[in-house]
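> Sharing a sequence plus its predicted fold:
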Amino acid sequence: MDYVGIVLISHSPKVVEGIKDIIRQVIHEVPVELAGGTEEDEIGTSVDKILEATKRAHSVKGVLLLYDLGSAMMNAELAIELSNYDNIKVAKDVPLVEGAYVAAVESGMGKSLEDVLEAVNRV
């Protein structure tokens, strides 16, 4: 079965690693990729890291990007523009931990990108 892939974007690599650990306690099949910190693993975000994580998480059902702070959203949107995919969405104004968990659960049930995004937006 194909699943909506999930990319977790944070200014801190440790934040997204911890969120993925929480998700993996109950959901194993859904692709969850990380784009935390800069290329030097400093605090910040990286369009290149987001693009690479998106490529790894991508499936025919698409990818949902979740982020922590506003500048991460800008880099997520730029990564979408630079990608070759048309089935990528950004979950805007969603709490990262709760949103990522709900996205993984919904994706694990085989739902579409639009359905996963709708569920996340209710968080």
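On my side now, so go ahead. Small disclaimer: the values here were computed from a predicted structure and weren't measured. Residues are numbered from 1 along each chain as shown.

> Other residues contacting the lowest-mean-pLDDT helix or strand in the chain?
The weakest-scoring helix or strand in the chain, judged by mean pLDDT, DSSP states H and E, is helix 70-82 (a mean of 95). Defining contact as CB atoms under 8 Å, 6 or more residues apart in numbering, one finds that helix 70-82 is touched by 7, 9-11, 45-47, 50-51, 54, 65, 67, 88, 90, 92. For glycine as for every other residue, the C-beta is placed from the backbone atoms N, C-alpha and C.

> Most neighbours among those, please name it.
Val7 (31 neighbours; other CB atoms under 10 Å).

> phi, psi of it?
The phi and psi torsions at Val7 (degrees, to the nearest 10) take the values phi -120, psi 120.

> can you pull the contacts of it?
When contacts are counted by CB under 8 Å, 6+ apart, Val7 touches 32-35, 50, 53-54, 57, 63-66, 76.

> give me that answer again for 7 Å
For Val7, the contacting residues are Glu33, Ala35, Ile50, Ala53, Thr54, Ala57, Val63, Leu65, by CB atoms under 7 Å, 6 or more residues apart in numbering.

> Nothing else from me, thank you.
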